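Visitor: Need the 3D shape of this:
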Amino acid sequence: MKQAAEKHIILGVHVTDRLRRAGAVQKIFSDYGCYIKTRLGLHEISPAACSPNGLVLLELVGPDKVARELQRKLAAIRGIEVQRMVFVHD
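Guide: As a prediction, the model looks like this:
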């Protein structure tokens, strides 16, 4: 019997106005914490100031349905853009 192909689902979450949006984004991340295998946050920083924008990369595990639900909830927040990458291994 052939097993289903393994998927690696990566969400790129672009956050604008981090100070305003971070709380709502973090709440959703916490709600889906059991499905987030890896989380990497990137943002510009300088000695003078911290960027108001950021990028979070999420590697997800679990059903595709859950990944799409997480993506939909994040995208519903004003100022958040979500892009999805899926890599399939046979």
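Visitor: Against which helices or strands is the helix or strand hosting Val86 packed?
Guide: Assigning secondary structure by DSSP states H and E places Val86 in strand 80-89. With contacts defined as 3 or more Cβ pairs under 8 Å, 6 or more residues apart in numbering; DSSP states H and E, strand 80-89 has these neighbours: strand 6-15, helix 64-75. In this view, the C-beta of every residue, glycine as well, is placed from N, C-alpha and C.
Visitor: now the angle from the first one to helix 64-75?
Guide: With axes from the mean of the first three to the mean of the last three Cα atoms, to 10 degrees defining the directions, strand 6-15 sits at 10 degrees from helix 64-75.
Visitor: residues making contact with strand 6-15?
Guide: Contact with strand 6-15 is made by 21-22, 25, 53-60, 64, 67, 70-71, 74, 79-89, as judged by Cβ atoms under 8 Å, 6 or more residues apart in numbering.
Visitor: Narrow the residues you listed to those that are buried.
Guide: 21, 25, 54, 56, 58, 60, 67, 70-71, 74, 80, 82 (16 or more other Cβ atoms under 10 Å).
Visitor: Now the element after the helix ranked longest in the chain, going C-ward?
Guide: The residue-count maximum for a helix in the chain (DSSP state H) belongs to helix 18-31. Going down the chain from helix 18-31, the next helix or strand is strand 36-42, by DSSP H and E.
Visitor: and that next one, what does it pack onto?
Guide: Helices and strands touching strand 36-42, by 3+ Cβ pairs under 8 Å, 6+ apart, are strand 54-60.
Visitor: quick one: low-confidence ranges for this structure?
Guide: 1-5 (pLDDT under 70).
Visitor: coming back round to it: may I have the longest helix of the chain as CSV, with CA atoms only?
Guide: Provided in CSV are the C-alpha atoms of helix 18-31 (Å, rounded to 0.1, in the frame of the first residue of the first chain):
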residue,chain,number,x,y,z
ARG,A,18,3.9,45.5,14.1
LEU,A,19,3.1,47.5,17.2
ARG,A,20,-0.6,47.5,16.4
ARG,A,21,-1.0,44.0,14.8
ALA,A,22,1.4,41.9,16.8
GLY,A,23,-1.1,41.1,19.6
ALA,A,24,-3.8,39.7,17.2
VAL,A,25,-1.2,37.8,15.2
GLN,A,26,0.4,36.3,18.3
LYS,A,27,-3.1,35.2,19.6
ILE,A,28,-3.6,33.2,16.4
PHE,A,29,-0.1,31.7,16.5
SER,A,30,-0.9,30.6,20.1
ASP,A,31,-4.2,29.1,19.0
